[in-house]
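[1] Quick one, fold the following:
(one chain, ligands or ions: 1)
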Amino acid sequence: MGRPFRFTLRATDGPARLGEFETPHGLVNTPAFMPVGTQGAVKATLHRDLIASGAEIILGNTYHLFLRPGDELIARRGGLHSFIGWNRPILTDSGGFQVFSLADRRVITEDGAEFQSHLDGSRHHLTPERAIDIQARLGSDIAMVLDECLAFPATHDAAAESMQRSVRWAARCRARLTLLRTTPLPDVTVSNQGQAQFGIVQGGVFADLRRESADATVAIGFEGYALGGLSVGEPIDEMYSVVQETASRLPATAPRYLMGAGTPEDLVECVARGIDMFDCVLPTRNARNGQLFTSLGRLNIKNARYAEDDSPVDPACRCYTCRHHSRAYLRHLYLAGEMTAGALNTLHNLTFYLDTMQRIREAIKLGTFDRFRQEFVRSSD
Ligand SMILES: [Zn+2]
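    Prediction:
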């Protein structure tokens, strides 16, 4: 097994940060974008193409992997890296977000969440301890604590109660990981001895609750800190202001991860507010729906205007799709329902996202991030 988790801050440009973290499966440069590999695969993408697009870390969804094929089966295959054949870093979520999304198929108590599988209706119990055990079997490099994900909008009282429960659950998650690190348990295979754990700051859009949550989560002590419960329908300005306030309250010595965001503009705007890590289904999901992100804004490949357009999706893009295929061909594949359409579009969108992160990192290094940000916002209008 490689080295344990370590974050190094290399440079700053205003609140924007350039850094890197080391995991048992290698190094990740930050700010970083993590493609979402829900079921142990980034949809419509080969690992080979992920590497070519510049992905250094991917995200796996604990809820999906727990239900199918099961965390114990994956542990018997040597853990998630070995099972899916990806030997670079992996972050897993806690499964909480999907469970909370089940609405009428789940019941939340102080102990945890009772829920019914969306696959076969089977009943399961997800506690903070269980979420950590499942991620220990998966053996991701970064595990997330189980938190309560509140729907937007929520009252201050509801957000406060939920945030305080998330803090109690975070403490239980940390205690469980500490136990697993020191004491072998017969029913929990630890697939990655160097697994790090991130806490999650909650509190909705309420500045006082975010502050309380950040302080309490930092007091428990994690290798990194995430901002949860954002990008759930709140106005964009509120999200940016919560990100700015919360990031500035987190220790400079640990990575900061904004969960589930966002658009290319969100990445740039939140790096500008001190965020180091992102994940989002937008580039992959939109690709399968024919929406492509480019250096000149968004493009919908279904549009009739591309029927005889021989130019690439984005002349500024280095990806395989842009080097080999025209908009006219991609439009044809999409309308014909060819699976290749999803694959080629996904490769382009991921390359665009990952190249954007690369350009962000270069700008921070050169001290020109603010100019980059202004130009980026202007060109994507
Ligand atoms: Zn491209």
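[2] what does the stretch 251-381 of the chain have sitting close to the ion?
    Contacts of the stretch 251-381 of the chain with the ion, taken as CB under 5 Å from the ion, map to 317, 319, 321, 322, 348. (Each C-beta comes from the backbone N, C-alpha and C, glycine too.)
[3] among those residues, which are in helices?
    Judged by DSSP state H, those include 321, 322, 348 as members of helices.
[4] Is residue 315 in contact with residue 326, as I believe?
    No: using CB atoms under 8 Å, residue 315 makes no contact with residue 326, being 11.4 Å away.
[5] In the stretch 1-150 of the chain, what residue lies closest to the ion?
    Nearest residue of the stretch 1-150 of the chain to the ion: residue 53, at 9.1 Å (CB to the ion).
[6] give the contact list for that residue.
    Contacts for residue 53 were tallied using CB atoms under 8 Å, 6 or more residues apart in numbering; they are 319, 347, 350, 351, 354.
[7] any weak-confidence spans in the chain?
    Along the chain, segments meeting pLDDT under 70 span 1-3, 381.
[8] try 80 this time
    Low-confidence segments of the chain (pLDDT under 80): 1-3, 380-381.
[9] Please compute how far the helix or strand hosting residue 157 lies from its chain's middle.
    Secondary structure from DSSP states H and E places residue 157 in helix 156-182. Averaging C-alpha positions (CA atoms, centre = their mean, to the nearest Å) puts helix 156-182 20 Å from its chain's average.
[10] so residue 340 touches residue 333, yeah?
    Yes: when contacts are counted by CB under 8 Å, residue 340 is listed as touching residue 333 (5.4 Å).
[11] Tell me which of those two has more neighbours.
    residue 333 (20 against 15; other CB atoms under 10 Å).
[12] which residues does that one contact?
    Residue 333 is in contact with 340, 341, 344, counting by CB under 8 Å, 6+ apart.
[13] Kindly recompute the last result at 7 Å.
    For residue 333, the contact set (CB atoms under 7 Å, 6 or more residues apart in numbering) comprises 340, 341.
[14] could we number from 858 for the rest of this?
    Sounds good: first residue 858 from here, last item residue 1190.
[15] In terms of helices and strands, where is it?
    Secondary structure from DSSP H and E places residue 1190 in helix 1184-1192.
[16] Any buried residues in that helix, and which?
    For helix 1184-1192, a neighbour-count test (16 or more other CB atoms under 10 Å) marks 1184, 1186, 1187, 1188, 1189, 1190, 1191 as buried.
[17] Return that helix as CSV; C-alpha atoms alone will do.
    Provided in CSV are the C-alpha atoms of helix 1184-1192 (Å, rounded to 0.1, in the frame of the first residue of the first chain):
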residue,chain,number,x,y,z
ARG,A,1184,-20.6,18.5,-35.5
ALA,A,1185,-22.6,17.1,-38.4
TYR,A,1186,-21.5,13.5,-37.7
LEU,A,1187,-22.1,13.9,-33.9
ARG,A,1188,-25.6,15.2,-34.6
HIS,A,1189,-26.3,12.3,-36.9
LEU,A,1190,-25.1,9.8,-34.3
TYR,A,1191,-27.2,11.4,-31.6
LEU,A,1192,-30.4,11.5,-33.7
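[18] next one: it to chain centre, how far?
    With CA atoms, centre = their mean, you get 30 Å for helix 1184-1192.
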